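[1] below is the sequence, then the predicted model.
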Amino acid sequence: MSTSFADVAERVQHIRERILRAGGGDVGIVAVTKGFGVEAIAAAVAAGITMVGENYAQEAVPKVLRARADGLEFSTHFIGHLQSNKVRSLAPVVDVWQTIDRASLVDEVAGRAVGARVFVQVNATGEDTKFGCLPGDVAALVGSAFAAGVVVEGLMAMGPTDGDAARTRAAFATTRALADRLGLRECSMGMSADLEIAVAEGATLVRIGSALFGPRSSH
Ligand SMILES: *Cc1c(COP(=O)(O)O)cnc(C)c1O
């Protein structure tokens, strides 16, 4: 795999076809560029991608600043586990905080980025290895986020670690139902391996890394 513009453009087209075949109309692609350099962002933007996902503060900040200095236009979605002490350094480059999962983070983000756009991350599989707010606690967290002055656009979830299709479907269905109940439009769910299930269950954003840029060396 390479990050050449032509290869990435072809893979973006392939992802769009997978989304359509899964029944998705208006589903956005967040290109997950963790582990790759600014050239991955450049290739994605050249292929029409407008949203970039990053996982690690230390990697994301210089990469996004460099990409913007190069004139690339995109919004940055932070999708990694978020530590409160990283919010300050991330705030200048992050447009959408997808992994808000506890009240202390709401306060931190609200304090650094007034009117910030956030998603509440849901631990929809109940696995204790997963981050995210348990489904029963999501309504309260969404309420306190709005009260603190951040804009909750939707929910974010991951499928089960074992990739089991039935449990993946159940996790995404739970997340969509919760978003609907709370009046939230966006659901960020689905990755390279499980985007079809996510789209069928109502994802509005999918987060795609390896299917666009190839395998990553582990972080
Ligand atoms: C890495 C990552 C992705 C992309 O995963 P791929 O399987 O490479 O598509 C999506 N979401 C999150 C939260 C990630 O950490």
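    Happy to help now that I have it.

[2] closest point of the protein to the ligand, which residue?
    At 2.8 Å from the ligand, residue 209 is the closest residue in the chain, using Cβ to the nearest ligand atom. The C-beta positions use only the backbone N, C-alpha and C, and glycine is treated the same way.

[3] and that residue, how many neighbours?
    22 (other Cβ atoms under 10 Å).

[4] what of residue 131?
    For residue 131, the neighbour count with other Cβ under 10 Å is 15.

[5] just the element for it, please.
    Secondary structure assignment for residue 131, by DSSP states H and E: no helix or strand.

[6] try residue 184
    Applying DSSP H and E, one finds residue 184 in no helix or strand.

[7] before we move on, the earlier item: who's in contact with the residue of the chain closest to the ligand?
    Counting by Cβ atoms under 8 Å, 6 or more residues apart in numbering, residue 209 touches 31, 32, 33, 34, 35, 53, 191, 192, 216.

[8] what about 6 Å?
    residue 32 (Cβ atoms under 6 Å, 6 or more residues apart in numbering).

[9] quick one, grab the pLDDT at it.
    pLDDT for residue 209: 98.

[10] ends of stretch 197-212, what's the gap?
    Taking Cα to Cα, to the nearest Å, stretch 197-212 runs 18 Å from one end to the other.

[11] related to what we said a few turns ago, next one: phi and psi at the residue of the chain closest to the ligand?
    The phi/psi pair for residue 209 (degrees, to the nearest 10) reads phi -110, psi -80.

[12] so it versus residue 81, what's the distance?
    Using Cβ to Cβ, to the nearest Å, residue 209 is found at 16 Å from residue 81.
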